[in-house]
Every structure is written in structure tokens, then in C-alpha cells.
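Novice: model this:
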Amino acid sequence: MSNVVPDEPCARDEGIDGLLGRIEPDVARLLEAALEGRELTAEQGLRLAQTQGSELHALVMAADEMRRRQVGEVVTYVVNRNINFTNVCIKHCAFCAFSRDFREEEGYFLPLEEVVRRAKEAWELGATEICIQAGLPPQLDGRFYIELCRAIKQEVPQIHIHAFSPEEILYGSRQSGIPIPQYLMALKEAGLDTLPGTSAEILDDEIRDIISRGRITSRQWIEVITTAHALGIPTTATIMYGHIEQPIHWIRHMALLRDIQKETGGFTEFVPLRLIHHEAPIYRHQLVKGVRQEAAGNEAVKVHALARLMLGATFKNIQSSWVKEGPKLAQYLLTAGANDLGGTLINESISTSAGAPHGEFMPPAELRRLIRELGRVPAQRSTTYQLLRVHDGLGEEEGPLDLIDDPAARFGSHRTLAASHAFRYGYAASSRGYTEHEGQQP
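Specialist: Below is the predicted model of the structure:
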């Protein structure tokens with residue numbers, strides 16, 4: 001599939017006002033309304049999702065103009081490390097190529113001490129965030145997540161812990177017998193700073209029942225997210241597109257997030273995530289009828305542009321994921337409404353296991369290069385979008401992460417981790433994470 005995206009130099013040269021004058025009047029009116037700050041309805045958003053040709057170019061230009069008005073010319077990134085401490089999971093989501101059954105040879109579990117070591121190493125190399133997400137191993141003691149946060153903060157008190165999807169929060173709450181509000185508060189007191197708003201997929205249970213039956217429901221996802229916001233724990237928000245959903249599902253999903261944000265103000269960013277289909281069971285084993293091979297480049301452009309216009313003033317930050325979209329398309333999406341390029345993602349595993357070909361790490365200098373090629377200003381940010389350093393000059397020193405020649409040798413890789421016996425599930429699992437009989441294998 002080609003990631004060719006639309007481009008009309010003549011349309012871009014004439015500007016948004018000139019282009020609006022020669023497209024379908026109803027589309028022009030909707031784009032003008034959005035740029036004037038008026039909220040788009042779901043019906044209006046769907047009309048924009050149906051655009052092609054010049055109307056699609058106008059949609060992209062309007063999203064880029066709204067981005068410019070809301071956040072200016074700065075494009076942000078975060079220096080972070082992913083720590084997916086286990087790939088063993090009791091769920092069997094049709095779109096997930098990362099998880100393994102506890103009996104499988106490739107199942108692994110990083111003990112608490114190894115997670116802490118990786119967090120400390122990341123901090124010493126300049127990372128400000130660790131992102132912790134994993135599978136749901138059977139019979140996990142729900143308090144393990146709390147112990148994990150506490151141990152990391154004791155060793156690396158200044159690092160930001162961005163951890164545990166709503167699915168993991170629900171699982172930890174159930175396993176520990178602690179209600180969700182009290183469980184989230186215990187995590188916060190132990191050092192949790194923010195939650196990733198993953199496991200959202202499409203917040204429509206009709207779709208969820210097909211692609212992830214038995215997983216967290218839309219209602220439960222909303223409950224975890226809004227409870228976190230009420231407790232002062234910010235979260236991100238995501239969408240997974242490019243499978244069986246239709247544009248109406250994008251729009252409803254965005255409208256729902258917009259409503260939540262107006263009530264809580266707790267979302268820091270919106271992150272569209274393309275389904276990586278190559279190794280996903282939903283595609284590889286044809287588990288679901290009608291799954292697209294992959295989202296088209298134009299779909300990626302539409303989703304990001306629509307996000308900027310539909311979410312309007314409620315979300316300032318729209319992320320373009322280089323690991324999902326590839327660096328070049330992610331770079332282009334910065335001209336279609338996005339203003340953030342994500343993170344360095346040391347040890348990215350989930351997309352990689354699904355067949356994403358773009359690597360498990362991107363040095364900060366490379367992120368800055370992609371941003372500068374657009375004539376924009378790169379800036380390193382915190383997880384919650386405080387600007388830590390604006391790189392508005394060309395003469396700058398390379399940081400420690402920019403000097404690593406072989407990231408796989410330095411940090412390891414998902415492939416070698418799953419293939420090795422160093423942290424084999426059952427042998428390496430920390431007894432603190434399991435009931436007495438778990439973690440033993442014959």
C-alpha cells in the first residue's frame with residue numbers, strides 16, 4: 001500500500017480563502033465555521049469525512065490553519081522509554097500481535113528490578129518519561145502495579161511515570177479488590193503521574209464486540225478515564241483506525257472525547273493510531289470479515305485533520321505517530337492538523353511485534369530533523385506539554401541518545417527479548433506479582 005498523500009501546489013499557493021471559494025459551498029461553510037470557533041456536529045463532521053479532491057485539500061489546509069492559530073509553529077516531542085514488562089495476557093484481542101498465552105515459549109516477564117533498571121538507565125540518558133504498558137498475566141496481584149510505581153520513584157524520583165491503560169487499571173482493580181477510585185488514588189500516591197488513554201480502539205461497542213470481544217467496554221473505559229481526571233491524573237486519548245470501522249465511527253469517537261474534555265479538561269493530547277495489520281490475527285488469520293489490509297494514506301490525513309477540526313478548542317495537541325505512520329507520513333501529517341511527533345520510544349514493542357517496519361527507537365536529533373524540514377520549530381516537551389527546551393537554532397550539541405550507534409545492542413529489542421530465556425515467563429516473574437502458586441512451571 002502506498003502512503004501517497006494528496007498535494008496540489010497551486011491550491012497551497014493560493015491559500016485557504018482562495019480554495020474555499022472554489023469548492024462545494026456546504027463544505028466551505030463548514031470549514032469557515034470551524035475556523036471561526038464554532039463546534040461541528042457529528043453530521044457535519046461526517047460530511048467533511050466524505051471529502052475528496054479539492055474539498056479534501058481544503059479540509060487539510062483548514063486543519064493546518066487551526067493548528068497554527070492554536071499552537072503556532074512549534075512542533076513538540078518527548079524523550080521517553082517504553083517498558084512493556086510482559087507480553088503474557090489473558091485476553092485474545094483479534095488486533096493484537098504482541099500478546100502471548102502463558103504457556104507459549106515466547107512469553108516473558110520483566111521482574112521489578114529490571115523495570116527499575118530500565119527506568120534509571122533512561123533517566124541517565126536524558127529521558128523524562130517512561131511509558132509502562134503490558135499484557136494482563138493470569139492471577140497477577142493487582143497491587144503489583146502500585147509496587148512497581150513505588151519502586152521506580154524510590155530509585156528515580158524525578159522521572160515521569162506514564163503508565164497503565166484503562167484496561168490495566170480495570171484489571172488491577174479487580175485483582176486487588178480495590179474499587180477504581182481508591183485504586184487510582186493508591187497508584188497516584190505511589191508515583192503514577194499520568195495514564196495513557198489506550199485500549200480505546202473505537203468507543204463503539206458494536207465495533208468492539210467484533211475486534212476485541214471480552215475486552216474493556218466503552219462505558220468502563222470512560223469510567224476509568226473520568227475517574228482519573230477527577231483525581232487530578234491527566235490522560236491521553238487515542239483512537240485505532242484502519243480495520244472495519246467507517247468514518248462515522250471516527251466522528252462519534254471524537255465527539256465523545258470532546259464532550260468528556262469539556263467536562264473534565266483532563267486530556268493532554270489526542271493520538272490517532274493506525275492498525276498495523278501485518279501480524280495482527282484479525283488480518284493474518286482472517287478472524288474478522290471485511291478487515292482492510294491497511295488504512296490508506298488519505299485516511300490517515302482525514303483522521304488527523306478531522307481531529308483538529310472536530311475537537312476544536314478542547315484539544316490543543318494532536319499527535320502524529322511516526323511508529324504507526326512511518327516517519328515521512330507522520331511528517332506530512334504535521335501539515336494536516338498535528339503538532340506533536342510523539343516520543344523517542346526506546347524499546348517500542350507493541351507496534352514492532354505487529355510488523356511495523358519503522359524501528360523501536362528514534363533519536364531526538366532525528367525527530368528535530370523531521371520537524372525542521374517543514375520549516376517548523378522543534379521543542380522537547382514534558383509528558384503534559386510543558387516546553388522543556390525550544391530548539392530554535394541550528395548549532396546544538398548532540399545528546400547521549402543521539403550518540404548511540406546500535407540501539408538494539410544497547411537496549412535490546414522485542415525480538416531478542418521474546419526469543420531469549422533471560423526473562424522467560426514463569427521463571428523470571430517476580431513472586432511479588434503473583435499468587436503463591438503462580439510463576440511456577442514444570
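Novice: who are the contact partners of the nearest residue to residue 374 once chain neighbours are set aside?
Specialist: Spatially, and ignoring its direct neighbours in sequence, residue 374 is nearest to residue 334 (5.8 Å; C-beta to C-beta, 6 or more residues apart in numbering). (C-beta placed from N, C-alpha, C; glycine too.) Residues near residue 334 by C-beta atoms under 8 Å, 6 or more residues apart in numbering: 75, 320, 341, 371, 374, 376.
Novice: so which bits of the helix or strand encompassing residue 367 are buried?
Specialist: If you go by DSSP states H and E, residue 367 is part of helix 364-372. Going by neighbour count (16 or more other C-beta atoms under 10 Å), the buried part of helix 364-372 is 364-368, 370-371.
Novice: try stretch 289-297
Specialist: Applying a neighbour-count criterion of 16+ other C-beta under 10 Å, one finds 291-292, 294-297 buried in stretch 289-297.
Novice: please flag which of the residues you listed sit within helices.
Specialist: The helices, defined by DSSP state H, take in residue 297 from the buried residues of stretch 289-297.
Novice: pLDDT and distance to residue 69 for the buried residues of stretch 289-297 - can I get that in CSV?
Specialist: CSV is the format used below for those (pLDDT from 0 to 100; distance: C-beta to C-beta, whole Å):
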residue, pLDDT, distance to residue 69
291, 80, 38
292, 80, 34
294, 75, 32
295, 78, 28
296, 82, 28
297, 85, 26
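Novice: need the buried residues of stretch 289-297 in CSV (columns: distance to residue 209).
Specialist: CSV is the format used below for those (distance: C-beta to C-beta, whole Å):
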residue, distance to residue 209
291, 15
292, 18
294, 23
295, 21
296, 25
297, 29
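Novice: closest to residue 64 among the buried residues of stretch 289-297?
Specialist: Here the nearest of the buried residues of stretch 289-297 to residue 64, counting by C-beta to C-beta, is residue 297; it sits at 16.5 Å.
Novice: pLDDT weak spots in the protein?
Specialist: Residue ranges of the chain with pLDDT under 70: 1-14, 94-105, 277-287, 349-357, 394-395, 427-442.
Novice: following the helix holding residue 367, which helix or strand comes up?
Specialist: Using DSSP H and E, the helix or strand that directly follows helix 364-372 along the chain is strand 377-381.
Novice: and the helix or strand just after that next one, what does it pack against?
Specialist: Beyond strand 377-381 in the direction of the C-terminus, DSSP H and E gives the next helix or strand as strand 387-390. Judged by 3 or more C-beta pairs under 8 Å, 6 or more residues apart in numbering; DSSP states H and E, strand 387-390 is in contact with strand 74-78, strand 377-381.
Novice: please check the contacts of residue 334 and keep the buried ones.
Specialist: Neighbour-count burial (16+ other C-beta under 10 Å) applied to the contacts of residue 334 gives 75, 320, 341, 371, 376.
Novice: who are the contact partners of the residue nearest to the last one when sequence neighbours are not counted?
Specialist: This means residue 376. Nearest-residue entry for residue 376: residue 75, 4.7 Å, with adjacent residues in sequence omitted and distances by C-beta to C-beta, 6+ apart. Listed by C-beta under 8 Å, 6+ apart, the contact set of residue 75 reads 334, 339-341, 371, 374, 376-379.
Novice: swap the cut-off to 10 Å and go again
Specialist: By C-beta atoms under 10 Å, 6 or more residues apart in numbering, residue 75 lies in contact with 67, 320, 331, 334, 338-341, 367-368, 370-372, 374, 376-379, 381.
Novice: beta-bridge partners for it, please?
Specialist: According to DSSP bridges, the residues that bridge with residue 75 are residue 378.
Novice: that one and residue 143, how far apart?
Specialist: Distance, residue 75 to residue 143, by C-beta to C-beta, to the nearest Å: 40 Å.
Novice: ok, which stretches of this structure are strands?
Specialist: With DSSP state E, the ranges of strands along the chain come out as 74-78, 80-83, 129-132, 160-163, 235-241, 267-274, 340-343, 377-381, 387-390.
Novice: helices and strands around the fifth one, which ones?
Specialist: Right, strand 235-241. If you count contacts as 3 or more C-beta pairs under 10 Å, 6 or more residues apart in numbering; DSSP states H and E, strand 235-241 packs onto helix 218-230, helix 247-264, strand 267-274, helix 297-311.
Novice: quick one: the shortest one to helix 297-311, angle?
Specialist: Between strand 267-274 and helix 297-311, the angle formed by their directions is 160 degrees, by axes from the mean of the first three to the mean of the last three C-alpha atoms, to 10 degrees.
Novice: now strand 267-274 and strand 235-241, what's the angle there?
Specialist: 20 degrees.
Novice: touching, residue 418 and residue 135? I think so.
Specialist: No: contact status for residue 418 versus residue 135: not in contact, 11.9 Å apart, counting by C-beta atoms under 10 Å.
Novice: which one of those two is surrounded by more residues?
Specialist: Between residue 418 and residue 135, residue 135 has the larger neighbour count (other C-beta atoms under 10 Å), namely 28 against 19.
Novice: which residue is the nearest non-sequential neighbour of that one?
Specialist: Among residues not flanking residue 135 along the chain, residue 89 sits closest, at 3.1 Å (C-beta to C-beta, 6+ apart).
Novice: could you give the number of residues near residue 388?
Specialist: Residue 388: 12 surrounding residues under other C-beta under 10 Å.
Novice: and if you look at residue 215?
Specialist: Residue 215: 21 neighbours (other C-beta under 10 Å).
Novice: before we move on, what about residue 114?
Specialist: The local packing of residue 114 (other C-beta under 10 Å) involves 16 other residues.
Novice: name the nearest residue to it, sequence neighbours excluded.
Specialist: Take residue 114 and drop its neighbours on the chain: the residue closest to it by C-beta to C-beta, 6+ apart is residue 423, 6.8 Å away.
Novice: list the contacts of the closest residue to residue 132 other than its chain neighbours.
Specialist: What sits nearest to residue 132 in space, not counting adjacent residues and going by C-beta to C-beta, 6+ apart, is residue 163, at 3.7 Å. Neighbouring residues of residue 163 by C-beta under 10 Å, 6+ apart: 83, 85, 129-134, 145, 148-149, 152, 169, 187, 191-196.
Novice: I am finished for the moment; much appreciated.
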